[in-house]
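Novice: coords please:
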Amino acid sequence: MFAALPSHPWAWPVLEIVHTLGIALLLGNLVLFELRVFGGAPQLPVLPLARIALTTAVAGFLLAAASGLLMFAGQPGELLANRAFTLKMLLIFAAGCNAAWFHARGSLARCDTAARALLVLSTLLWLAVLACGRWIAYL
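Specialist: Sure, this is the predicted structure:
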């Protein structure tokens with residue numbers, strides 16, 4: 001069933017659109033939150049903005065993960081042999097660990113130097129995930 005996905009006339013393009021939408025929601029909201037923490041739009045309270053931005057980022061991640069799993073199911077052998085895919089998965093794991101650390105240390109309430117460093121690291125990790133995702137097609 002899943003092996004037929006790549007050859008279906010509209011399934012693969014729809015999955016890629018959903019995957020891209022998920023990535024846009026994830027990365028866009030993380031950058032929005034980071035801009036606020038670094039001093040942008042000081043009239044917006046950090047915690048309410050975080051609530052909506054991070055909730056939307058999680059929704060974006062879930063969209064990207066669900067569509068990504070379906071795309072993986074359509075060509076698991078090829079993807080497992082692809083170094084860019086392997087690196088992408090490792091970077092996603094690292095981004096998840098970074099997010100867990102950010103929240104475990106109470107960074108939302110503190111917004112200190114360590115919180116800012118974790119936010120920058122998060123953005124860099126997700127940009128690397130994005131680059132690896134695009135690179136998959138070329139390896």
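Novice: and the longest helix for this protein?
Specialist: helix 46-74 (DSSP state H).
Novice: can you list the buried residues in it?
Specialist: Residues of helix 46-74 classed as buried: 49-50, 53-54, 56-57, 60-61, 63-64, 67-68, 70-72, 74 (neighbour count, 16 or more other CB atoms under 10 Å). All C-beta atoms are positioned from the backbone trio N, CA, C, and that covers glycine.
Novice: which one of these sits closest to L108?
Specialist: A50 (5.4 Å; CB to CB).
Novice: what's the end-to-end length of stretch 131-139?
Specialist: From its first residue to its last, stretch 131-139 covers 13 Å (CA to CA, to the nearest Å).
Novice: pull the residues that contact it.
Specialist: For stretch 131-139, the surrounding residues in contact (CB atoms under 8 Å, 6 or more residues apart in numbering) are 23, 79, 82-85, 87-88, 91.
Novice: weed out the non-buried ones from those.
Specialist: Listed as buried from the contacts of stretch 131-139 are 23, 79, 82, 84-85, 87-88, 91; burial here means 16+ other CB under 10 Å.
Novice: sort out for me which of the contacts of stretch 131-139 are in helices.
Specialist: The helices, defined by DSSP H, take in 23, 79, 83-85, 87-88, 91 from the contacts of stretch 131-139.
Novice: in these, find the pair that's most separated.
Specialist: Spatially, the most separated pair among those is I23 and R83, at 20.2 Å (CB to CB).
Novice: can you pull out the residues in contact with the helix or strand of the chain with the lowest mean pLDDT?
Specialist: Least confident element among the helices and strands of the chain, by mean pLDDT, DSSP states H and E: helix 107-110 (a mean of 91). Outside helix 107-110, the residues within contact range by CB under 8 Å, 6+ apart are 46-47, 50, 102, 114-115, 118-119.
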